[in-house]
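Q: Build me a structure from this.
(2 chains)
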There are 2 protein chains.
Amino acid sequence: MKYYAGIDLGGTNIVCGLLDEQFQLLRKLKLPTEAAKGGEHVIAKIAGMVDELIGQQGITRKDVLAIGAGIPGLINPAEGICNFAANLSWRDFKVSEKLNQLLGIPVFIDNDVRMYVQGEAAKGAGQGYPVVFGITIGTGVAAALVENGKLYYGGSYIAGEIGHIRMDGEESLCGCGLTGCLETVASATGLARQAREAVEKGTSTIMSSMVSSPAELTATHLSQAYDQGDQVAIDIMTHTGKQLGRGLSYAVTLLNPDVIVIGGGGANAGERLLGPMKQELQRLVLPMYWDRLEIKTAELLDDAGVIGSAVNASNRVAE
Amino acid sequence: MKYYAGIDLGGTNIVCGLLDEQFQLLRKLKLPTEAAKGGEHVIAKIAGMVDELIGQQGITRKDVLAIGAGIPGLINPAEGICNFAANLSWRDFKVSEKLNQLLGIPVFIDNDVRMYVQGEAAKGAGQGYPVVFGITIGTGVAAALVENGKLYYGGSYIAGEIGHIRMDGEESLCGCGLTGCLETVASATGLARQAREAVEKGTSTIMSSMVSSPAELTATHLSQAYDQGDQVAIDIMTHTGKQLGRGLSYAVTLLNPDVIVIGGGGANAGERLLGPMKQELQRLVLPMYWDRLEIKTAELLDDAGVIGSAVNASNRVAE
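A: Residues are numbered from 1 along each chain as shown, chains lettered A, B, ... in the order given. Next up is the predicted model:
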């Protein structure tokens, strides 16, 4: 029996999994990334986690066919280099080569959102659909496309940045330096910002009494206020859902997916956000797109990145 | 030596070409479609044109490896069926099967814009670029994506309808039944409509004196007025170019192409339209997309569809 290792590398935690050839997750470890200690430390830590899982399973490194890893940043998967990862302070860092040197197992890295969507497409909410468009709504918003099991990359591996589509009528400065990007609105950060701004403006809302300072407001407070019938919260969720629907309408018209899989913490807002999103999406796209489109929330949750990384490693090692 | 036939089927004319295995166009015929005489007539006419070219070349049907055809409508390329073509009044018409019955040569049909972009990607302005996004600006606006020589289709072969992206601030009714679609503005029809509306509104413009009735105004009149410094014409071109740039910004951010190839009659407006388009596109997308992006006008002109159809037939027959 052979195995794959899948790694979901975040700015805060590393999750490392051991999977069988059907991508069943057999074992999992989670440890703090400790990015501040530097890239070599992080790589050594990942290698240690893989060895730990191998030991627990009672196998050897030779039983692991390949290791996949999803990294939050700009990745060149062909060369195995992380060109830029803000949360890890990595720039042109040869991840695949370094990890391979420590373990002697082929390593394939990719962008974390792509690995997440690859996982959902192979084993989660997108399973069985030929064309899967996956979007993660978290601190930021990003997307990836999987066509018949194969990821779409674009010319320089940076396709899918739906969070940086510029929305008419939005003016907030985005972390990327542009203004009015979709993720300034339709992200956990964007929801929190809108709640904060409403309270700071002195608008009458129960969210004012939920925190001692508006800066503490989160998307969760917004959901709570929404559930208590707070009109400001309802308006923010509705506006955000509609903007998300508009952003997705561009993707649907250009890409004609069979299913949209929605993941990330923002999906926790559920129908409060997805209700207006679907309405707006249906309103904006041709019926021929809408009629066959399914919209689902992610199913693998925290395991999507680990599973997707293993699936990707399996595809890549077979090339 | 072996050959391919490529067919560009339009509502007005059929263009039929004979190509060698390097997709050099050796011979070409053009005849009126006579769509009103029915589908069987059109198919028989195409078969006659292919036989005519074969005769001229002094070869036999057996020397033709495959026939490709681009059709303006909704096509199922896998089944060789034209599901809907408004200009031909075809619905669920088995084009491949019928043409194959007459000629005994494998036939592969596809959407005409896809064939146009396939041609430009293989032998025209997109040659040498791994990811080609091609857009045709004619009566309508449509697009296709070619990644490493392979067309992107989406889940039901209807990806790429950029002309039906809904634009904020646009209100005109589109032929598709929606309002504010990009092609209500950024098409030859959309340009003519804006010119007509300006004249009908009584706006001071030299376009008023160019035609006896505003309904006669075309995109060409707009270009002429633009060149004479007419502010109304300049404003319409600028607005249209900017909307086109905005529509393309969604495609660039989602698809990360290496090159955008712009074709169709609308490309005749040249920098009058493409100048503001490029400015707006650069303003709206992240520098990482813009910096590597090339924007070119189509090179094969009327032959793109014929060449692309032959390239597609060659790909399909090899599957």
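Q: what ranges do the strands span in the stretch 201-319 of chain A?
A: A:259-263, A:294-297 (DSSP state E, counting those that start in this stretch).
Q: Make TSV from these and add distance to chain B to it.
A: Heads up, the C-betas are built off the backbone N, CA and C, glycines and all. Converted to TSV, the strands of the stretch 201-319 of chain A look like this (distance: least, Cβ to the nearest Cβ, whole Å):
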stretch	distance to chain B
strand A:259-263	8
strand A:294-297	10
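Q: Skip the chain neighbours and tell me the closest residue to A:N100.
A: A:V107 (4.7 Å; Cβ to Cβ, 6 or more residues apart in numbering or on different chains).
Q: Please tell me I have it right and the one you found contacts A:C82.
A: No - if you go by Cβ atoms under 8 Å, A:V107 and A:C82 don't touch, sitting 11.8 Å apart.
Q: joint contacts of those two?
A: Taking Cβ atoms under 8 Å, 6 or more residues apart in numbering or on different chains as the contact rule, A:V107 and A:C82 both touch A:V95.
Q: host element of A:L26?
A: Taking DSSP states H and E as the criterion, A:L26 maps to strand A:25-32.
Q: which residues touch the closest residue to chain B within the stretch 101-250 of chain A?
A: The minimum distance from the stretch 101-250 of chain A to chain B, using Cβ to the nearest Cβ, falls at A:G154 (2.5 Å). When contacts are counted by Cβ under 8 Å, 6+ apart, A:G154 touches A:160, B:131, B:255-257.
Q: hmm, try it at 6 Å
A: B:131, B:255-256 (Cβ atoms under 6 Å, 6 or more residues apart in numbering or on different chains).
Q: Show me the helices in chain A, by range?
A: Remark: helices assigned in chain A by DSSP state H are A:39-57, A:95-103, A:112-123, A:188-200, A:219-227, A:231-255, A:271-284, A:287-290, A:304-317.
Q: Single out the most deeply packed of the ones you listed.
A: helix A:112-123 (a mean of 29; mean count of other Cβ atoms under 10 Å in any protein chain shown).
Q: quick one, it and strand A:259-263 angle?
A: 120 degrees (axes from the mean of the first three to the mean of the last three Cα atoms, to 10 degrees).
Q: just to revisit the earlier point, give me the contact list for the strand holding A:L26.
A: Here strand A:25-32 has contacts from A:13-19, A:49, A:53, A:56, A:303, using Cβ under 6 Å, 6+ apart.
Q: Closest one of those to chain B?
A: Using Cβ to the nearest Cβ, these come closest to chain B at A:D303, 25.6 Å.
Q: ok, and the closest non-adjacent residue to that closest one?
A: A:L25 (5.7 Å).
Q: Which of the helices of chain A sits closest to B:A188?
A: helix A:231-255 (20.7 Å; Cβ to Cβ).
Q: near chain B, which residues of chain A show up?
A: With Cβ under 6 Å from any Cβ of the partner chain as the criterion, chain A meets chain B at residues A:130-131, A:154-156, A:158-159, A:161, A:164-166, A:168, A:250-251, A:253-258, A:284, A:286, A:288, A:292.
Q: change it to 8 Å
A: Counting by Cβ under 8 Å from any Cβ of the partner chain, chain A comes close to chain B at A:74, A:129-131, A:143, A:147, A:152-162, A:164-166, A:168-169, A:176, A:178, A:246, A:249-251, A:253-258, A:284-286, A:288-289, A:292.
Q: Drop anything exposed from the residues you listed.
A: A:74, A:129-131, A:143, A:147, A:152-162, A:164-166, A:176, A:178, A:246, A:249-251, A:253-258, A:284-286, A:288-289 (16 or more other Cβ atoms under 10 Å in any protein chain shown).
Q: circling back to that earlier point, look up phi and psi at the residue of the stretch 101-250 of chain A closest to chain B.
A: Backbone dihedrals for A:G154, given as degrees, to the nearest 10, come out at phi 80, psi -180.
Q: Could you measure from it over to B:T60?
A: Distance, A:G154 to B:T60, using Cβ to Cβ, to the nearest Å: 44 Å.
Q: and chain A, what are its domains?
A: In terms of domains, chain A is parsed into A:3-119+A:302-317, A:127-298 (source: automatic domain parsing).
Q: Please name whichever of those domains is nearest to B:A35.
A: Taking those one by one with Cβ to Cβ, domain A:127-298 is closest: 22.7 Å.
Q: tell me how far the ends of the closest one are from each other?
A: In domain A:127-298, first residue to last residue: 11 Å (Cα to Cα, to the nearest Å).
Q: Tell me where the model's unsure across chain A.
A: Across chain A, nothing is flagged by pLDDT under 70.
Q: Who are the contact partners of A:Y157?
A: A:74-78, A:111, B:256.
Q: The same query, at a cut-off of 6 Å, please.
A: Neighbours of A:Y157 in contact, by Cβ under 6 Å, 6+ apart: A:N76.
Q: Quickly note the distance from the closest residue to A:E21 other than its chain neighbours to chain B.
A: Leaving aside its chain neighbours, A:E21 sits nearest to A:K2 (5.6 Å; criterion: Cβ to Cβ, 6+ apart). Going from A:K2 to chain B by Cβ to the nearest Cβ, to the nearest Å gives 30 Å.
Q: what about A:K2, how many neighbours?
A: For A:K2, the count of nearby residues is 12 (other Cβ atoms under 10 Å in any protein chain shown).
Q: Tell me who's in contact with it.
A: Contacts of A:K2 (Cβ under 6 Å, 6+ apart): A:21, A:63, A:65.
Q: again, only using 10 Å
A: Going by Cβ atoms under 10 Å, 6 or more residues apart in numbering or on different chains, A:K2 touches A:20-21, A:59, A:62-66, A:314.
Q: out of these, who's nearest A:D227?
A: Using Cβ to Cβ, those come closest to A:D227 at A:D20, 41.5 Å.
Q: residues touching the closest one, list them.
A: Per Cβ under 10 Å, 6+ apart, neighbours of A:D20: A:1-4, A:26, A:57, A:310.
Q: which one of those residues is nearest chain B?
A: The closest of these, once distances to chain B are taken by Cβ to the nearest Cβ, is A:A310, at 24.6 Å.
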